[in-house]
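Enquirer: I would like the atomic coordinates for the input below:
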Amino acid sequence: MPKINGNEIRPGNVLEHNGGLWSAIKVDHVKPGKGGAFAQVELRNLRNGSKLNERFRSADKVEQVRLEQKDQQFLYESEGMLVFMDTETYEQIELPADILGDRRIFLQDGMTVVIEYYDAEALNATLPQKVTCKVVETEPVIKGQTAAKSFKPAILDNGFKIMVPPFVGQDEDIIVNTETMDYSERA
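Expert: Below you'll find the predicted structure:
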């Protein structure tokens, strides 16, 4: 595994640190008035989800881990486990439903999800950045209200509550950004 300097750490990097695998969530480069510069890094453990704040000086060496990414198709959910199928080998794997966290609500049948592996262990799953959902409940469109930059509440077909522009009506399909969990555009 390649070693990188502490000041080369970027958000999204996966590092081997203190005997565990950690993902860098937030990185702040600090140059104090006295002393050397360092990177203040917020890390999340990929196995148990715990968080850690760590300082890395530019002289510190950390091992960067490359995870293997595979496209897997979501098949169904059974007893708190999500069943995925490898699109190349047709092998099925089961992962705990909490691997997706809050974004679990946007998982749809047949959706292709990127699962990251370290050796044979599945550590992370990423949904497509944009998914299409149907608005099942919202206030009616009011003429003349589209000029101002305002939003109104809506409920999607998966039960998720979201803020949408005033021109979006009931039974319309919209595209939701799964990273920010916000309205993106009309479908």
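Enquirer: Please identify the buried residues of the least confident helix or strand in the chain by mean pLDDT?
Expert: Lowest on mean pLDDT, DSSP states H and E among the helices and strands of the chain sits strand 121-126, with a mean of 86. For strand 121-126, burial by neighbour count (16 or more other C-beta atoms under 10 Å) applies to 122-125. For the C-beta atoms, the positions are set from N, CA and C on the backbone; glycine is no exception.
Enquirer: Turn these into CSV, including distance to F84.
Expert: Formatted as CSV, the buried residues of strand 121-126 follow (distance: C-beta to C-beta, whole Å):
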residue, distance to F84
A122, 9
L123, 14
N124, 13
A125, 8
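Enquirer: Can you show me the CA trace of the least confident helix or strand of the chain as CSV?
Expert: C-alpha atoms of strand 121-126 as CSV (Å, rounded to 0.1, in the frame of the first residue of the first chain):
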residue,chain,number,x,y,z
GLU,A,121,-15.0,-7.5,3.0
ALA,A,122,-17.7,-5.1,1.9
LEU,A,123,-17.1,-1.8,3.7
ASN,A,124,-19.2,0.9,2.0
ALA,A,125,-22.1,1.2,-0.5
THR,A,126,-22.8,4.3,-2.6
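Enquirer: So in that sheet, which strands flank that strand, and in what orientation?
Expert: Its sheet considered, strand 121-126 pairs with strand 112-118 (antiparallel) by DSSP bridges.
Enquirer: any idea of the mean pLDDT for the strand it pairs with?
Expert: Strand 112-118 carries an average pLDDT of 90.
Enquirer: Distance from the chain centre to that strand, please.
Expert: Put simply, strand 112-118 sits 12 Å off its chain's centre (C-alpha atoms, centre = their mean, to the nearest Å).
Enquirer: Right, I'll call it a day here.
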